[in-house]
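Undergrad: starting from these lines, generate the structure:
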Amino acid sequence: MSIITRVSRKSQIVIPKEIRKLIHLSEGDELIVDVEGDRIILKVKPKSYAKRLKGLHKEVWKGVDPKKYVKEERGSWS
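TA: Residues are numbered from 1 along each chain as shown. From the prediction side, this is the model:
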């Protein structure tokens, strides 16, 4: 989705309502601003990084017994 917006005299921009609704952005939310080449990338800052990362790459550990894995890892240290 592409929508055109202007930069104000104070270098501010308005994030169009359609975009705000799409990403559930509301007043007081913080944004992370990145620059890649000539692109400005805005990302919603997670309220909790721990909650945001919970379950990340869980498919890697599918079928692995955590107690057995830790025991084998500790055994390899000797």
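Undergrad: in the chain, spot the helix with the most residues.
TA: helix 66-75 (DSSP state H).
Undergrad: and the strands in this protein?
TA: 31-36, 39-44 (DSSP state E).
Undergrad: so which of these is nearest residue 62?
TA: strand 39-44 (28.4 Å; C-beta to C-beta). The way it works is simple: take the backbone N, C-alpha and C, and place the C-beta from them, glycine included.
Undergrad: pull out the buried positions in the closest one.
TA: Within strand 39-44, no residue counts as buried by 16 or more other C-beta atoms under 10 Å.
Undergrad: name every strand pairing with it and say which way it goes.
TA: In the sheet, strand 39-44 lines up against strand 31-36 (antiparallel) (DSSP bridges).
Undergrad: give me the residues contacting the strand it pairs with.
TA: Applying C-beta atoms under 8 Å, 6 or more residues apart in numbering, the contact partners of strand 31-36 are 40-45.
Undergrad: need the contact partners of the helix or strand of the chain with the lowest mean pLDDT.
TA: One helix or strand of the chain scores below all others by mean pLDDT, DSSP states H and E: helix 49-53, with a mean of 83. With contact meaning C-beta under 8 Å, 6+ apart, helix 49-53 is reached by residue 46.
Undergrad: can I get the CA coordinates of it in CSV?
TA: The C-alpha trace of helix 49-53 is given here as CSV (Å, rounded to 0.1, in the frame of the first residue of the first chain):
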residue,chain,number,x,y,z
TYR,A,49,10.6,-7.2,23.7
ALA,A,50,10.3,-10.4,25.8
LYS,A,51,6.7,-10.9,24.7
ARG,A,52,7.6,-10.0,21.1
LEU,A,53,10.4,-12.6,20.9
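Undergrad: now the strands of the chain as CSV including distance to residue 22?
TA: Formatted as CSV, the strands of the chain follow (distance: least, C-beta to C-beta, whole Å):
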stretch, distance to residue 22
strand 31-36, 14
strand 39-44, 11
